[in-house]
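[1] Got a predicted structure plus its sequence, pasted below:
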Amino acid sequence: MPMNLANFRRSVRRAIALRVGMTAILLGTVFAAITAITERQRMEEAIVVLARATAAHWNVAVRDQLDQVGLLKPGALQDSLAAFMAGNGEQVLEQGRFVYARVHDVDGLELAHLKDTSFISLDKIRQAVAAAGFRSPESDNHVVASTRLGDRPYVAIQIALINKHGEIRAWLDGIFALSASEQARLQANIWRTVLHVFTGILVTGLILYPVVSRLLSRLSGLTDRLLDANLETIQVLGGAIAKRDCDTDTHNYRVTVYSIKLAEVVGLDNAQIQALIKGALLHDVGKLGIRDNVLLKPGSLDEEEFEIMKSHVQHGLDITGRALWLAEAQDVVGAHHEKYDGSGYPSGLARDAIPLNARIFAIVDVFDALTSRRPYKKPISFDDTMEILEKGRGEHFDPQLLDLFAGIAREVYDRFHGLKGDDARGELGRIIQYYFRRDTAALMR
């Protein structure tokens, strides 16, 4: 479970690589899609240009007929249109051709009408022409409606046919289709552009990765040092009062480990366990404010001395209240002497009014105090200790928490009770590093 610094930094680098990679792929996909849409629009605009150029080419071919005075007769342009549709001369561009064409005068009288019956789905394409609702505009010389069947685009266009004086004599309604070669060329251009955009963004992500990784590595290094300094401070502070009180700081280490193990069974989240760790290490920090003749008195305290001793809770709240990072410890510091039935101090809190972390700590604090050797007593056996805890059920201890602790007590006792000095300090250090570094690791998920 514990996470050492090297593993943590490797996990951060992997997370950065994953994040940068996923972001680059996402951005590449989005911009590639935008590029594809834009390029398709450009392709359709290119088709319009081709259609207009093709119609203009035929307009020049029939200019003499359009220059004639008087109304054009039905069928007057039929032969020319048939030649145009068949591709005679230079009337059909290599890029595409009209597969349907209808010529009518300004009053709607049909002058010519041809269609390429061999062209696939021509009837469906003609429906698009009807849906476009073409009319003869007064101010523009063409109307365009684009459609797409499958992957192939078509343009339905209505374009004015003018004489040499610039007068509109007729209108050409037509459906223009790209040639297969032009379709392939334009489609290849689209995919080439999309690939360039996608590749460019991925390459940018690869370039940014070491920069971001280096910056975050420096930031995580500063965070690590700050976290280590804070954790060392509370361990030193807790150890100082433990040594002054009972000549050993291993009680602080063990009781913190026991608290964490019980909290895991209870199901506390990471933030709650962090607060519990701070509170467990600093639970008696207020004893720094208790004078030696009371704190170190070998015998029982009289009533006045006991009142002085109880003031260590308020001293502890005053000390931890001066640092924002230590404020989370106050649940345990301020309520670890409260009892489940309300007979504890300093506030006489009962049941759920006692903070959960304080109720957890009360059990493990008494457990370790009973099973440990002190200058004034010998250690009590595990079985006898559990019997004493059971007698405090519902009075001193939360019954549900006591049941949960009973389920793990033997295991944690066998594993951690014998740890002393550097071993106890090292075990605690590995556990609390895990819980405090999880916050930084979570930022990378």
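    Okay, I see it.

[2] pLDDT score assigned to the spatially closest residue to Ile162 that is not a sequence neighbour?
    Spatial nearest neighbour of Ile162, chain neighbours left out: Ile168 (5.6 Å); criterion: C-beta to C-beta, 6 or more residues apart in numbering. Where C-beta positions appear, they are placed from N, C-alpha and C, glycine not excepted. Looking at Ile168, its pLDDT reads 86.

[3] Ile168 contacts Ala160, doesn't it?
    Yes. Using C-beta atoms under 8 Å, Ile168 is in contact with Ala160, at 4.5 Å.

[4] who has more neighbours, these two?
    Between Ile168 and Ala160, Ala160 has the larger neighbour count (other C-beta atoms under 10 Å), namely 20 against 16.

[5] so the more buried one makes contact with Gly166?
    No. Using C-beta under 8 Å, Ala160 is not in contact with Gly166; the gap is 9.8 Å.

[6] need the helices for the stretch 251-400 of the chain, in chain order.
    Using DSSP state H, counting those that start in this stretch, the helices of the stretch 251-400 of the chain run over 270-281, 292-295, 303-310, 312-320, 330-335, 356-371, 382-391, 399-416.

[7] Residues contacting the fourth one, please?
    Under the criterion C-beta atoms under 8 Å, 6 or more residues apart in numbering, residues 282-290, 326-327, 329-330, 333-334, 336-337, 345-346 lie in contact with helix 312-320.

[8] ok, 7 Å please
    282, 284-290, 326-327, 329-330, 333-334, 337, 346 (C-beta atoms under 7 Å, 6 or more residues apart in numbering).

[9] Against Asp107, how distant is the residue nearest to Ile162?
    As judged by C-beta to C-beta, to the nearest Å, Ile168 and Asp107 stand 12 Å apart.

[10] and if you look at Leu178?
    Applying C-beta to C-beta, the value for Leu178 to Asp107 is 33 Å.

[11] how about the residue nearest to Ile162, what does it touch?
    By C-beta under 7 Å, 6+ apart, the residues touching Ile168 are Val106, Ala160, Ile162.

[12] And those, which is closest to Ala362?
    Ala160 (94.0 Å; C-beta to C-beta).

[13] Next SSE downstream of the helix or strand containing that closest one?
    Per DSSP states H and E: Ala160 is located in strand 152-162. Remark: after strand 152-162, the chain's next helix or strand is strand 168-178, criterion DSSP H and E.

[14] Please name the strands paired to that next one in the sheet, noting orientation.
    Strand 168-178 pairs in its sheet with strand 96-104 (antiparallel), strand 152-162 (antiparallel), by DSSP bridges.

[15] Dump the first one to PDB, keeping only the CA atoms.
    Coordinates of each C-alpha in strand 96-104 appear next as PDB, following Å, rounded to 0.1, in the frame of the first residue of the first chain:
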ATOM      1  CA  GLY A  96     -17.300  17.100 -64.400                       C
ATOM      2  CA  ARG A  97     -20.500  17.400 -66.400                       C
ATOM      3  CA  PHE A  98     -24.200  18.200 -66.300                       C
ATOM      4  CA  VAL A  99     -26.200  15.000 -66.000                       C
ATOM      5  CA  TYR A 100     -29.500  16.800 -66.200                       C
ATOM      6  CA  ALA A 101     -30.400  20.100 -67.900                       C
ATOM      7  CA  ARG A 102     -33.600  22.100 -68.700                       C
ATOM      8  CA  VAL A 103     -33.600  25.400 -70.500                       C
ATOM      9  CA  HIS A 104     -36.600  27.800 -70.200                       C
END
